[in-house]
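Asker: Sequence plus predicted model, see below.
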Amino acid sequence: MHTDSYSVKCGEKLYKCGARGILKRRGNDIAVGDMVEVENEVISCVKQRKNRFIRPNVSNIDLILAVVSPEPKPDFYLLDKLYLNAVKEGVEFALVINKTDIDDSLYKSILAEYGNLGVEVLCVCAKTGYGISALKDKLISKLTVLAGQSAAGKTSIVNAMFGLELKTGAVSDKIARGKHTTTRSEIFEYENIKLIDSPGFAVIDAMVDLDELPYCYPEYASVSGECKFRGCAHINEPQCKVKELVENGILSKSRYQRYIEIYNEISKRRIIYEKN
Ligand SMILES: Nc1nc2c(ncn2[C@@H]2O[C@H](COP(=O)(O)OP(=O)(O)OP(=O)(O)O)[C@@H](O)[C@H]2O)c(=O)[nH]1
Ligand SMILES: [Mg+2]
Ligand SMILES: [Zn+2]
């Protein structure tokens, strides 16, 4: 998808289409994964979406695969926000640990953060092909998006999966960050798999308001009935079950600290997200 030109699939054929001015002017208003109506090679309307994400800029997703790797190091703050956005939109979320040839110790720290939340964690190696066919099995009959930091290996996974040679980038030596090799989201469709490769990112907004945030943490939502106050934000309230479980080491301390950071970040901004 380019700003002014969109690939629209109809039957087995791809058509290059423009878009009505009004759809473009509102900015970001056509996303990869959208179902659209086309008149004379121009997209005239976007049909109602089952879900919508800003980063990556996609819609109608069945599964978000957050790709992490030992290098660049995972940014858990970013991952938490990606995950809470998936919870908010009601979309399945799973973690893919790539580059297991470099270091396989990441699995343990990922499990410590997300293991008890019912989030599936898959290990793959795009370089050797390890775990790729098991991952493929998970994608059948779904629209899936690969998301995460630049240079984690999203495009490499697409290449390994479908035998492609899409451009991949290196991890920059100086800052150990990716170089943003993929610049647009694109759907790859083979057999019964629809997989979107998306550009890596270093920032992401939590698409929720303060009052919804606690409900986008499944491990907090499931015990909040035991907090003294209804609608407890698990921040300063007394007799808070979440805080108790964090203090007892039953819930992850570091994830809770990031929760507070995200809470503060949302309280300072002015964007209001639409409620479901
Ligand atoms: N050792 C090793 N390197 C890998 C593996 N997978 C990817 N890489 C390398 O990691 C670098 C980044 O890979 P990309 O596939 O471009 O990463 P990306 O997530 O698509 O990055 P952006 O498009 O910038 O978001 C490249 O140099 C790849 O060769 C792997 O399994 N093992
Ligand atoms: Mg890429
Ligand atoms: Zn509480």
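Answerer: Cool, the structure landed. Numbering: from 1, shown residues only. Ligands and ions are numbered 1, 2, ... in the order given.
Asker: CA atoms for contacts and neighbours, from now on please.
Answerer: Fine.
Asker: in the stretch 51-200 of the chain, which spans are strands?
Answerer: Here the stretch 51-200 of the chain has its strands, by DSSP state E, counting those that start in this stretch, at 52-53, 58-59, 63-68, 92-97, 120-123, 143-147, 186-190, 193-197.
Asker: list the helices and strands the fifth one packs on?
Answerer: It refers to strand 120-123. Here strand 120-123 touches strand 92-97, going by 3 or more Cα pairs under 8 Å, 6 or more residues apart in numbering; DSSP states H and E.
Asker: Contact partners for Ser5?
Answerer: Lys16, Cys17, Gly18, Ala19 (Cα atoms under 8 Å, 6 or more residues apart in numbering).
Asker: Tell me what the first one is bridged to.
Answerer: Looking back up the chat, that one is Lys16. Beta-bridge partners recorded for Lys16 (DSSP bridges): Ser7.
Asker: which residues does it contact?
Answerer: Ser5, Tyr6, Ser7, Val8, Glu41.
Asker: For those residues, which entry has the maximal number of neighbours?
Answerer: Within those, Val8 tops the neighbour count with 23 neighbours, counted by other Cα atoms under 10 Å.
Asker: Serialize the contacts of Lys16 to CSV and add fields for pLDDT and distance to ligand 2.
Answerer: CSV is the format used below for these (pLDDT from 0 to 100; distance: Cα to the ion, whole Å):
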residue, pLDDT, distance to ligand 2
Ser5, 87, 21
Tyr6, 92, 19
Ser7, 93, 19
Val8, 95, 22
Glu41, 92, 29
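Asker: So which of those reach ligand 3?
Answerer: Near ligand 3, taking Cα under 5 Å from the ion as the test, no member of the contacts of Lys16 is found.
Asker: Please identify which of the strands of the stretch 51-200 of the chain is closest to Ala170.
Answerer: Ranking these by proximity to Ala170 (Cα to Cα) places strand 63-68 first, at 14.7 Å.
Asker: So the closest one, near ligand 2 or not?
Answerer: No. Strand 63-68 stays clear of ligand 2 (Cα under 5 Å from the ion), getting no nearer than 10.9 Å.
Asker: Let me know the outermost residue of this protein.
Answerer: In the chain, Asn40 marks the outermost C-alpha relative to the chain mean, sitting 34.0 Å out by Cα atoms, centre = their mean.
Asker: quick one: contacts for Val67?
Answerer: For Val67, the contact set (Cα under 8 Å, 6+ apart) comprises Leu95, Val96, Ile97, Asn98, Leu146, Ala147, Gly148, Gln149, Ala152, Gly153, Lys154.
Asker: Done for today, thanks.
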